[in-house]
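Colleague: Structure for this input, please:
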Amino acid sequence: MNENDQKDITSRRNFIKTSGALAAGLALPSIFGQFAFGQNPIDLTDIKSLFKSNREDALILTERIFQKCILERILPPVPPLNHNWVYPGGPYYKGQWIWDSMFVVDLLSILPGKEQVIRNIFQNYWDFQDRWNSKKPEYAHNMVTVAIKTEPQEVRQFSQIPILAWGVERVFQRNGDTELLRQCLPRLEKFHNWYWRERDLTNTGLVTVGSYSGDIQHAKWETFDYECNMDDLKLVKHPTRMGETEGAWYGDIWVTGNTAYLIMAEKSLVRLAEIMGDTAMAARRKPFIDKAVQAMRDHMWDEKAGTFLSVKKDTMEKIPVATISSWVPLAAGVPTNAMAKRMAEVLSSESWQTPLPVPTVDCKDPRWKSSDFWRGDVWPSTNYQIASGLAAYGHTGLAAVIADKTVENAIKNGISEHYDSVTGMPLGIPDYCMSSSIATMMLDGLTEKFKLHIR
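Modeller: Numbering: from 1, shown residues only. Modelled structure (predicted):
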């Protein structure tokens, strides 16, 4: 990590600690106002009655997750957000993010009468597309920003982990809202087309990070912020567009995490298109999946490391450090069965089985520190998706180890944005929205010790 990156981290952490520092000055409504959304609001006393568990502490945890990470995170419209929106939590995160919000809508869709609320949340993304397209050149059209920030904050010039389609599919699986699919599918396809066009610069099937601002840290914020595999990232100009207004907007590293997430989202989009009878859309998307999966296997797989590694854009040279994004391909169904078996072996090793797994970088790496932001800490959301991927390949025992330890730690130390991978102590924002994925682990049957079901 260079000196500028360290300054960025320190500055951001100080900003998070200072609740009055936000320029937007957004006043949060009362708890009762927040719960007024939707056709049939759910009283908090009813939350526990929706679920059954083998343990009272799991039910108490679930109740708090629905109260603090979901229901209290749905706020009324604030410019430029014209609809109710998802507020992640804390003083820094004033806006609706892509990645964070999908874990909220997934669980929100369990509650009856929340269909319109969820449609409204997604409509914020499509409204942003329209505002963005009206001001930007054609090559940039249909981007969805990392976060639709509340005014007067500036518009972010970059995107984020592309799992909107995955979020729509999760909602549909729970509530069967076909109106949501009609609303979202055309916009999702446009977003995916932007992603491939502006992040797969050489039509390789792999994606990089970038930002139209030309700020290298903005580009890193498009994925897992401060991952060690991006320590040497540089921004370069587009390889074929040579206009005078072109800037150095594109990373020179193909990143495992965002490539895998885009594959995962494309698979969701194909399934949803087929559900809606749009076979033409499904046929258009499948070649993207096939090409990207093969590219990841050909260029990113490393047998010795036992996982997928990010690579240099020009040379395809692997960057010799495994990070949390190395394991995202499991959730996207990228590895062969043999690759997944090797990945499970490595994930079972001391490098990744810290007292609270899974650390965001191999703990044998000299840059690892148990409490560092994406450089040794643990995040419930990535643990959930890694465990999901392991279970899908049949490695249910290892998935349960990861999921059970994550749940048990939250019961002991509270719900938080991320955690120290050695002590398990909470880090970042308490009751952060996407830590709702702790409940999702139980509901998806990834845990063995903690059972949770919808009644």
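Colleague: contacts and neighbour counts: CA atoms only from here.
Modeller: Will do.
Colleague: ranges for the strands of the stretch 151-300 of the chain?
Modeller: 235-236, 250-251, 253-254 (DSSP state E, counting those that start in this stretch).
Colleague: Contacts only, for the closest residue to residue 309 other than its chain neighbours.
Modeller: Of all residues not flanking residue 309 in the chain, residue 300 sits nearest, at 5.0 Å (Cα to Cα, 6 or more residues apart in numbering). Neighbouring residues of residue 300 by Cα atoms under 8 Å, 6 or more residues apart in numbering: 256, 308, 309, 310, 311, 318.
Colleague: please redo it, this time with the cut-off set to 7 Å
Modeller: Each residue near residue 300 by Cα atoms under 7 Å, 6 or more residues apart in numbering is listed here: 308, 309, 310, 311, 318.
Colleague: okay, the strands of the stretch 151-300 of the chain, which one's buried deepest?
Modeller: Counting by mean count of other Cα atoms under 10 Å, strand 253-254 has the highest mean neighbour count of the strands of the stretch 151-300 of the chain, with a mean of 29.
Colleague: So which other helices or strands are in contact with it?
Modeller: Contacts defined by 3 or more Cα pairs under 7 Å, 6 or more residues apart in numbering; DSSP states H and E place strand 253-254 against strand 311-312.
Colleague: Could you give the average pLDDT over the strand it packs on?
Modeller: The pLDDT scores in strand 311-312 average 98.
Colleague: likewise stretch 165-174?
Modeller: 98.
Colleague: before we move on, back to that, quick one: closest of the strands of the stretch 151-300 of the chain to residue 383.
Modeller: Among those, strand 253-254 comes nearest to residue 383, with 22.5 Å by Cα to Cα.
Colleague: who touches that closest one?
Modeller: Taking Cα under 7 Å, 6+ apart as the rule, strand 253-254 contacts 206, 207, 208, 233, 310, 311, 312, 313.
Colleague: residues touching residue 319, list them.
Modeller: 229, 309, 310, 311.
Colleague: Can you add distance to residue 330 and mean pLDDT and give the strands of the stretch 151-300 of the chain back as a markdown table?
Modeller: Shown next, in a markdown table, are the strands of the stretch 151-300 of the chain (distance: least, Cα to Cα, whole Å; pLDDT from 0 to 100):
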| stretch | distance to residue 330 | mean pLDDT |
| --- | --- | --- |
| strand 235-236 | 28 | 98 |
| strand 250-251 | 24 | 98 |
| strand 253-254 | 17 | 98 |
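Colleague: Of these, which is nearest residue 269?
Modeller: Closest among the strands of the stretch 151-300 of the chain, using Cα to Cα: strand 253-254, at 22.7 Å.
Colleague: Poorly predicted segments of the protein, please.
Modeller: 1-45 (pLDDT under 70).
Colleague: Closest to the centroid, which residue in it?
Modeller: Closest to where the C-alpha atoms of the chain average out (Cα atoms, centre = their mean) is residue 99, at 3.4 Å.
Colleague: Near the residue nearest to it when sequence neighbours are not counted, how many residues? Count them for me, please.
Modeller: Once flanking residues are discounted, residue 99 sits nearest to residue 161: 5.9 Å by Cα to Cα, 6+ apart. If you count neighbours by other Cα atoms under 10 Å, residue 161 ends up with 22.
Colleague: Residue 161 and residue 313, how far apart?
Modeller: Here residue 161 is placed at a distance of 19 Å from residue 313 (Cα to Cα, to the nearest Å).
Colleague: do residue 76 as well
Modeller: 43 Å.
Colleague: ditto for residue 302
Modeller: Distance from residue 302 to residue 313, by Cα to Cα: 16 Å.
Colleague: any idea whether residue 363 is helix, strand or coil?
Modeller: coil (DSSP: H, G, I helix; E, B strand; the rest coil).
Colleague: That one and residue 351 touch, don't they?
Modeller: Yes: assessed by Cα atoms under 7 Å, residue 363 is found in contact with residue 351 at 5.1 Å.
Colleague: the more surrounded of the two?
Modeller: Each of residue 363 and residue 351 has its neighbours counted (other Cα under 10 Å); residue 363 has more, 23 against 17.
Colleague: what's that one sitting at in phi/psi?
Modeller: In terms of degrees, to the nearest 10, the main-chain angles of residue 363 are phi -70, psi -10.
Colleague: For it, which residues are in contact?
Modeller: 351, 352, 376.
Colleague: Repeat the analysis, applying 10 Å as the threshold.
Modeller: 322-323, 350-354, 369-370, 375-377, 421 (Cα atoms under 10 Å, 6 or more residues apart in numbering).
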